[in-house]
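> compute the structure for the input listed below.
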Amino acid sequence: MMKRFAMFLAAGSAALISGCSGPEAPESELEAYVTEWQDNDYGGMYEHFTQETKSSMTKKEFTERYKNIMSDIEMDKLQVELPTEEDVKMDNDQTARLPLQIQMETIAGPVSFEKEAVMKLEETDEGEEWLIDWDPSFLLPDYGEGDKVRIQTLEAQRGRIFDRNGSSLAVNGTALSIGVNAGAIDEAGKAQLAKLLGLTTEDINKQLGQSWVQEGYFVPLQTVASSNKELIKKVSTVKGAATASRAVRVYPYGAAAGHLTGYTGEISAEELKENKGYTQGDQIGKRGLEQLFEERLKETDGVQIFIEKKEEEPVVIAKKEPKNGQDVKVTINAEMQKTLFEQMEGAAGTASAVEPASGDVLALVSSPSFDPNEFARGIPANRYTELQDDPKQPLLNRFAAAYSPGSTMKPITASVAMNAGKLDPAAGKTIEGLQWQKDASWGNYRVTRVSESAGPVNLESAIVASDNIYFAMAALDTGADGMKAGLQSFGFGVEYPFAYPVRESQISNTGTFDSDILLADTGYGQGEVLTSMTHLANAYGAFLNKGTMMKPLLLLDDEPSVWQKELVTEEQASIIRKGLRGVVERGTARAANVEGMAISGKTGTAEIKEKQGTTGKENGLFVSYDANNPSFILALLVEDAAEAGGSKEAVDKARAFYVKWKSYRK
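Presented below is the predicted three-dimensional model:
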């Protein structure tokens with residue numbers, strides 16, 4: 001539907017018009033013509049034309065053609081400055097020339113031009129009237145008979161996503177659209193092509209049956225990677241099949257960074273309502289970094305309106321330049337991301353790596369994963385269903401989730417207790433047997449540890465032996481209020497200041513400790529405490545960074561800043577670090593030893609129960625770093641790892657990563 005226009009008359013023109021009468025006033029006819037234009041009445045405009053003009057086209061031809069052109073260029077805010085009396089030139093009694101100033105807004109920006117209107121006095125059924133010797137240049141500059149008005153989109157480029165080293169995580173590329181030429185493929189060809197593309201002949205017929213399809217038109221069916229040479233070669237043998245190149249988003253690291261990068265796709269009707277500046281058919285970030293930084297990455301296409309002439313160069317009458325999206329550079333190390341993902345070997349789990357000195361997040365891995373390139377090209381429905389129905393849930397983003405930390409919580413509990421003055425790391429606790437309870441009020445509930453101690457247990461030996469009872473006692477000694485305040489200082493139960501929306505860590509379901517049992521269980525990482533692997537790695541940074549935990553960063557340009565400080569003293573941190581090295585040297589993570597490295601860390605096995613006293617699935621965890629070069633802390637979790645030995649599988653995968661990374665770094 002055509003927009004209405006605003007018309008403005010120059011000062012003095014009204015006086016001129018009111019001073020003329022009937023056919024002696026060509027300005028009156030010109031003003032009436034402009035009013036019809038303002039009202040989108042092209043039929044009315046036609047009535048102001050000379051007989052010679054009308055003989056060149058019918059009223060219907062004029063109305064349909066020029067109304068459509070003005071609609072296509074989205075003309076708006078029409079301003080026409082009519083002439084003053086001094087501006088009118090009379091060639092003779094039958095011909096007048098009136099200068100006009102015309103301005104308008106269009107889809108490609110403002111258009112402003114001058115036009116001299118030639119008016120002729122002619123005999124009509126109503127008597128003598130001044131009529132317009134009209135031509136197309138009344139509507140647009142340099143527009144003549146036989147010319148065509150063209151609108152050209154000037155494509156802009158979506159911003160790219162790079163890792164900290166300049167490696168491409170998301171870039172603009174091309175893919176190949178496979179389809180058919182309507183009317184050129186028979187039933188046998190459809191059957192052959194359907195088999196190659198994993199479709200049915202009904203799928204192909206449905207696409208061919210769309211209202212816009214005409215004989216000879218290319219009808220796309222599926223988009224594939226340009227590197228899929230084997231499929232493309234087979235398609236080329238099908239009579240009536242065709243291919244066409246199309247622009248797509250490309251993700252060089254594929255599934256290794258699928259959940260991290262996310263992907264782009266065609267904007268939905270719901271997204272159109274929620275987002276300004278988009279039109280149907282536009283691409284928009286659907287998940288991951290693509291969605292998170294959509295506002296920065298989004299490009300704005302330009303457009304130009306030009307007059308196409310038969311034997312002359314085109315004349316551009318309005319142009320809006322394209323605006324490329326901004327590139328985004330993140331803290332991620334793409335090669336570390338890829339190496340970590342490969343060591344997960346498809347097991348359900350997640351891993352995060354954080355640089356303790358800066359807070360830079362170096363890797364965010366979710367396994368299993370999906371290839372974002374499939375989604376960017378347009379994933380077939382059967383393939384999406386396959387991913388959706390996979391019991392390992394490859395579409396689930398695990399690095400954004402929160403898990404029970406198990407025994408990896410123990411160094412944090414120790415820090416809280418020491419900072420509260422409730423734990424002397426050198427003093428030994430006498431603990432007998434494998435089970436313990438505070439008093440008879442616990443009924444049948446007891447805290448259980450894996451092995452008995454030969455003598456008093458101090459902090460270092462408790463970390464190495466992963467003594468549940470020691471840390472349950474430490475939590476109880478600290479008290480509910482002290483533990484809550486201490487855990488909050490480590491970022492539990494408060495907003496996690498990370499650009500990527502990961503689930504915030506919690507102290508408990510209610511945010512408090514409503515029983516001593518819950519408090520004791522939390523001390524060794526059970527209970528209801530939950531954390532993301534990113535936060536867990538981030539928290540361990542305090543042990544390597546003089547008691548300071550840095551704000552986690554995702555954008556490389558962001559300046560490092562302190563999130564929490566004075567979580568432990570350097571002396572206390574030294575004891576914890578010694579215990580973490582002991583875990584690998586002689587404790588539960590001996591399998592993590594790598595020649596030439598001093599891997600230190602804490603294992604954890606978190607049993608996921610529906611209620612206390614029952615058994616459940618076990619997740620295996622390992623938080624680690626190389627004490628010889630503590631440039632990053634790695635927190636790795638494997639789901640449902642009971643059959644593989646709980647934390648043992650996490651340790652094995654971490655070791656495999658360190659071996660590969662050591663080789664890569666060389």
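> Phe543 in helix, strand or coil?
helix (DSSP: H, G, I helix; E, B strand; the rest coil).
> these two touch, right, it and Ala573?
Yes - if you go by Cβ atoms under 8 Å, Phe543 and Ala573 touch, sitting 4.8 Å apart. Quick note: C-beta positions are derived from backbone N, CA and C, even for glycine.
> ok, how many other residues are close to Ser466?
When counting by other Cβ atoms under 10 Å, one arrives at 27 neighbours for Ser466.
> from Gly604, how far off is it?
8 Å (Cβ to Cβ, to the nearest Å).
> overlap in contacts of these two?
Ser407 (Cβ atoms under 8 Å, 6 or more residues apart in numbering).
> ok now do Leu260, which residues does it touch?
Taking Cβ under 8 Å, 6+ apart as the test, what Leu260 contacts is Leu169, Gly288, Leu289, Ile332, Gln337, Leu364, Val365, Ser366, Phe399.
> what of Ser441?
Asp516.
> same deal with Ile307?
Taking Cβ under 8 Å, 6+ apart, one finds Leu140, Asp142, Tyr143, Gly144, Asp147, Lys148, Val149, Arg150, Pro314, Val315, Ile317 in contact with Ile307.
> got any ranges where this protein has weak pLDDT?
Across the chain, the ranges flagged by pLDDT under 70 are 1-24, 609-616, 665-666.
> got a list of contacts for the longest helix along it?
The residue-count maximum for a helix in the chain (DSSP state H) belongs to helix 647-665. Outside helix 647-665, the residues that touch it by Cβ under 8 Å, 6+ apart are 335-336, 339-340, 342-345, 347, 349, 351, 406-407, 588-589, 591-594, 596-597, 599, 601, 603-605, 620-622, 624, 626, 634, 636-638, 641.
> equivalent analysis for stretch 138-149, please.
Residues contacting stretch 138-149 (Cβ under 8 Å, 6+ apart): 56, 66, 69-70, 72-73, 111, 113, 115, 117, 132, 135-137, 305-310, 315, 317.
> if we can go back for a sec, comparing Phe543 and Ala573, which shows the higher neighbour count?
Shown here are Phe543 and Ala573; by other Cβ under 10 Å, Phe543 has more neighbours (29 against 20).
> list the buried ones in the longest helix of the chain?
647-658, 660-661 (16 or more other Cβ atoms under 10 Å).
> repeat that for stretch 331-345.
Result for stretch 331-345 [16+ other Cβ under 10 Å]: buried residues 331-344.
> repeat that for stretch 215-229.
Result for stretch 215-229 [16+ other Cβ under 10 Å]: buried residues Val219, Leu221, Gln222, Thr223, Val224, Ala225.
> now it, how far from the centre of its chain.
Mean-position distance between stretch 215-229 and its chain equals 26 Å (Cα atoms, centre = their mean, to the nearest Å).
> quote the end-to-end distance of it.
From its first residue to its last, stretch 215-229 covers 28 Å (Cα to Cα, to the nearest Å).
> contacts for it?
174-184, 193, 197, 199, 203-204, 207-208, 210, 213, 231-232, 242, 244-246, 248, 373, 377-378, 380.
> show me which of the contacts of Ile307 are buried.
Using 16+ other Cβ under 10 Å as the burial test, the contacts of Ile307 include Leu140, Asp142, Tyr143, Asp147, Val149, Val315, Ile317 as buried.
> what about the nearest residue to Thr53 once chain neighbours are set aside, neighbour count?
By the measure of Cβ to Cβ, 6 or more residues apart in numbering, the closest residue to Thr53 outside its immediate chain neighbours is Trp134, 4.6 Å from it. Here the number of neighbours of Trp134 (other Cβ under 10 Å) works out to 22.
> element containing Trp134?
If you go by DSSP states H and E, Trp134 is not part of any helix or strand.
> neighbouring strands - and their directions - for the helix or strand Gly601 falls within?
Following DSSP H and E, one finds Gly601 within strand 599-608. Next to strand 599-608 in the sheet, as set by DSSP bridges, lie strand 617-626 (antiparallel).
> please export the C-alpha coordinates of the partner strand as PDB.
Taking C-alpha atoms only, strand 617-626 is exported to PDB below (Å, rounded to 0.1, in the frame of the first residue of the first chain):
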ATOM      1  CA  LYS A 617      24.200 -41.500  38.800                       C
ATOM      2  CA  GLU A 618      27.800 -40.300  39.300                       C
ATOM      3  CA  ASN A 619      29.600 -37.500  37.600                       C
ATOM      4  CA  GLY A 620      33.400 -37.500  37.500                       C
ATOM      5  CA  LEU A 621      35.300 -34.200  37.900                       C
ATOM      6  CA  PHE A 622      38.900 -33.100  37.800                       C
ATOM      7  CA  VAL A 623      40.100 -29.500  38.300                       C
ATOM      8  CA  SER A 624      43.800 -29.100  37.400                       C
ATOM      9  CA  TYR A 625      46.700 -27.000  36.300                       C
ATOM     10  CA  ASP A 626      50.400 -27.300  35.500                       C
END
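> buried ones in it?
Glu618, Asn619, Gly620, Leu621, Phe622, Val623, Ser624, Tyr625, Asp626.
> which strands or helices does whichever helix or strand comes after that strand pack on?
The first helix or strand that comes after strand 617-626 along the chain, using DSSP H and E, is strand 633-638. Judged by 3 or more Cβ pairs under 8 Å, 6 or more residues apart in numbering; DSSP states H and E, strand 633-638 is in contact with helix 334-344, strand 349-354, helix 533-544, strand 617-626, helix 647-665.
> now the ones you listed in JSON lines, with distance to Gly325?
Converted to JSON lines, those look like this (distance: least, Cβ to Cβ, whole Å):
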{"stretch": "helix 334-344", "distance to Gly325": "20"}
{"stretch": "strand 349-354", "distance to Gly325": "27"}
{"stretch": "helix 533-544", "distance to Gly325": "26"}
{"stretch": "strand 617-626", "distance to Gly325": "37"}
{"stretch": "helix 647-665", "distance to Gly325": "31"}
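> alright, calling it a day.
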